[in-house]
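Asker: Model the structure of this input:
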Amino acid sequence: NAAHVFVKREDAISKNKRKIGVEHVSLDALKVALSEIKYYNYKKNFTIQDIYDLGLAGNEMSRQLRIKLCNRLGIGYVNAKQLVNRLNLFNYTIEEIRDML
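Answerer: Residues are numbered from 1 along each chain as shown. Predicted structure coming up:
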């Protein structure tokens, strides 16, 4: 099975603050990320309309909501279109996401 590991952007910044990449992640941050492995299990539970209906797109607070949700899920921050893909990729349900919001 394919697996995905996400690290926070701020954990992947080089010491000179000029580059971003997994090679700059500290051992501790990498251990945390590896303890939260996400397994690929794609099911089409979400559409872009669901993202709008949940308030995750289309209004002033949508970006902040997406940031909070993505951090809570540990899936890395994404825009609304990519959020549909990530939620489907990891087989979240609309009910699970609604409960988190």
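Asker: How about the secondary structure of the residue of the chain lying at maximal distance from its centre?
Answerer: Largest separation from the mean C-alpha position in the chain: Asn16, at 25.9 Å (CA atoms, centre = their mean). Judged by DSSP: H, G, I helix; E, B strand; the rest coil, the three-state class of Asn16 is coil.
Asker: Tell me if Glu96 really is in a strand.
Answerer: No: using three-state DSSP, the assignment for Glu96 is helix, not a strand.
Asker: OK, contacts around it?
Answerer: Taking CB atoms under 8 Å, 6 or more residues apart in numbering as the contact definition, Glu96 lies against nothing. Backbone N, C-alpha and C define where each C-beta goes, glycine included.
Asker: just to revisit the earlier point, per-residue pLDDT, the residue farthest from the centre of the chain?
Answerer: What the model reports as pLDDT for Asn16 is 93.
Asker: now do the one 4 residues further on
Answerer: Looking at Ile20, its pLDDT reads 91.
Asker: Can you give me the neighbour number for the spatially closest residue to it that is not a sequence neighbour?
Answerer: Leaving aside its chain neighbours, Ile20 sits nearest to Ala12 (5.1 Å; criterion: CB to CB, 6 or more residues apart in numbering). Neighbour count of Ala12, defined by other CB atoms under 10 Å: 18.
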